[in-house]
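1. Fold the following.
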Amino acid sequence: MAELKNLYSDDAAAISLENGMTVTFEHLPYAHSATAGLWIKTGSANEPKAITGISHFLEHLFFKGTPTRTARQILEPIESRGGQLNAFTSREYTCVYTKMLDRHIATGIEILGDVIKNSTFAEMEKERNVILEEIASLDDVPEDLIHEMLALRIWPDHPLGRSVSGYADTVSGITLEQIRQYYGEWYHPANMYFSIAGNFDKDVVLAQVTNEFGQLKARPLLPRPGPPSFASGIEVADKDIGQNHFCFGFPGPTVSEPRRYVYDVLWCALGGGSTSRLFQKIREDEGLAYSIYTFHSAYFTTGMFGVYAAVAPENFARTVDLSFQEIRKLRDDGIPADELELNREHLKGSMLMSLEGTFNRMQRMAKSMMYYGRMLSIDEILASLDAVTAEDIVALCRDIFQPDKCNVVAIGPAEHAPIMEIGL
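-> Down below sits the predicted model:
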């Protein structure tokens, strides 16, 4: 085992097992629990089009049974001790995790090992139906649906643009053989990260993790898709619902782009909270919307920055116009020093408070190793946010807030959505 350089805190460390699996620890002696997660660096961004949704399907099947446990026997030792066992899939990673009282964390780690190593992928047809119901439910949640539509519009010919859950036709066609092949291709030590934060004995946990995962056979990493092209444009989908929902999408940062911290401040200033420009203008001043916010996502090869709002149909055109007006003002007039500082402190405070939970600390370590190959320190992130200037914000706005770098998607009653041009 090789000790990796520690750049996180005095109580955090990263270990590389002999088979290439990365293990990260952060000991929090004041906690009464620990959260342990196994992260696999694969998600929908690595899926061939014909099997879109297979990462998510596989995640579901982990909980259906192993040779020594039924689905209930997987969950019962966790829940009977007040713990949690869950999982989620994203575009670039999958995570299976458990949160337990400190005295029971060994049970959670053993079950994590069992479901990841020994799943029988049982009850596949039942779980396929569960996922198909999940996919069908998306149509009933316009806010989720429009974000899916935006990703597909921005990256139309790339797996990043496709739904993490998959589609009815792709999920219906996935076979057990394809599940096993995908598992074999991506679930191996060099592509796996074990992370734990909370109150635990590091030596005991390391010995258990080595026992659970140290014998997994090393395999070479598969190539990943290259960066997608960004597509601009406008799409209005007629849907018989009570509100018009819309998104603006712009190019965003990659996870390693230095400007990602500038994007953070821009996100916060434009629509990241109740004091943001869009919230103040659209909700507080005009009373046009209950929900309006900005969002951004960063991936290995690209990113997305966006605006979302939902409004009454008769207020749709005015809300779109005013939203573009606020974007133009920020681009053309810049951001005052006091507003920049307010948003910078908002980001710093939110990040630091989020680290009071063991799940967020566990997640931070795993993502840091997956994306950067090292643990980013809190001080490094705070310094990067402090380094963002008003000139950086203006330069970014002038770069991305352009008509040929904007994609507008709207759903709702079409007669109230007469979008003719991008107002930038």
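2. got a list of what the residue nearest the centre of the chain touches?
-> Against the mean C-alpha coordinate of the chain, by C-alpha atoms, centre = their mean, the closest residue is S90 at 5.7 Å. Taking C-beta atoms under 8 Å, 6 or more residues apart in numbering as the criterion, S90 is in contact with G43, S44, V164. Using the backbone N, CA and C atoms, a C-beta is placed for each residue, glycine as well.
3. What distance do you get for it to A50?
-> When distance is defined by C-beta to C-beta, to the nearest Å, S90 is 21 Å away from A50.
4. Kindly report the same for C406.
-> 31 Å.
5. Please apply the same query to D203.
-> 46 Å.
6. Next: D139.
-> Going from D139 to A50 by C-beta to C-beta gives 22 Å.
7. can you check T210 too?
-> In terms of C-beta to C-beta, T210 sits 38 Å off from A50.
8. all strands of the protein, in order?
-> Assigned by DSSP state E, the strands in the chain fall at 2-3, 12-16, 22-27, 33-40, 65-66, 69-70, 84-89, 94-101, 192-198, 233-238, 244-251, 289-298, 303-311, 407-412.
9. now the angle between strand 303-311 and the longest one, please.
-> With axes from the mean of the first three to the mean of the last three C-alpha atoms, to 10 degrees defining the directions, strand 289-298 sits at 170 degrees from strand 303-311.
10. Each with direction, which strands does strand 289-298 pair with?
-> When sheet partners are counted by DSSP bridges, strand 289-298 sits next to strand 303-311 (antiparallel).
11. Average pLDDT for the strand it pairs with, rounded please.
-> Regarding strand 303-311, the rounded mean pLDDT is 98.
12. tell me how far that strand is from the chain's mean position?
-> With C-alpha atoms, centre = their mean, to the nearest Å as the basis, strand 303-311 stands 15 Å off its chain's centre.
13. which residues touch stretch 37-46?
-> 52-53, 55-56, 89-98, 112, 116, 159-160, 162-164, 166, 186-187, 191-196, 222, 224-225, 299-300, 362-363, 366-367, 370.
14. Across the sheet, point out what pairs with the residue lying closest to M365 once chain neighbours are set aside.
-> In space, and not counting its chain neighbours, M365 is closest to T24: 4.0 Å by C-beta to C-beta, 6 or more residues apart in numbering. With DSSP bridges as the criterion, T24 is bridged to A14, S195.
15. quick one: contacts for T24?
-> Neighbour list for T24: A12, A13, A14, I15, Y193, F194, S195, I196, M365, A366, M369, M375 [criterion: C-beta under 8 Å, 6+ apart].
16. On the pLDDT front, check the nearest residue to K202 once chain neighbours are set aside for me.
-> Among residues not flanking K202 along the chain, F25 sits closest, at 5.5 Å (C-beta to C-beta, 6+ apart). Note for F25: predicted pLDDT of 95.
17. Quick check: F25 vs K367, distance?
-> From F25 across to K367, the span is 15 Å (C-beta to C-beta).
18. mind checking how far the residue nearest to M365 is from L17?
-> Distance from T24 to L17, by C-beta to C-beta: 12 Å.
19. can you map out the helices along the stretch 1-150 of the chain?
-> 54-61, 71-79, 105-118, 124-137, 142-154 (DSSP state H, counting those that start in this stretch).
20. and those helices, which is most packed in?
-> helix 54-61 (a mean of 23; mean count of other C-beta atoms under 10 Å).
21. returning to that earlier point: compare neighbour counts for T210 and A50 and give me the winner.
-> Neighbours per residue, other C-beta atoms under 10 Å: of T210 and A50, the larger number sits with T210, 18 against 11.
22. if we can go back for a sec, counting neighbours, go ahead and name the busier of F25 and K367.
-> The neighbour comparison of F25 against K367 (other C-beta under 10 Å) goes to F25, with 24 against 19.
23. Confirm for me that A309 is in contact with F279.
-> No - the pair A309 / F279 is not scored as a contact, 10.0 Å apart, by C-beta atoms under 8 Å.
24. residues shared between the contacts of the two?
-> Shared contacts of A309 and F279 (C-beta under 8 Å, 6+ apart): I292, Y293.
25. neighbour-wise, which of the two wins?
-> Neighbours per residue, other C-beta under 10 Å: of A309 and F279, the larger number sits with A309, 28 against 21.
26. ok, now which ones touch the nearest residue in space to the more buried one that is not next to it in sequence?
-> Nearest residue to A309, sequence neighbours excluded (C-beta to C-beta, 6+ apart): I292, at 4.0 Å. The neighbourhood of I292, defined by C-beta under 8 Å, 6+ apart, consists of G271, L278, F279, I282, R283, V307, Y308, A309, A310, T319, S323.
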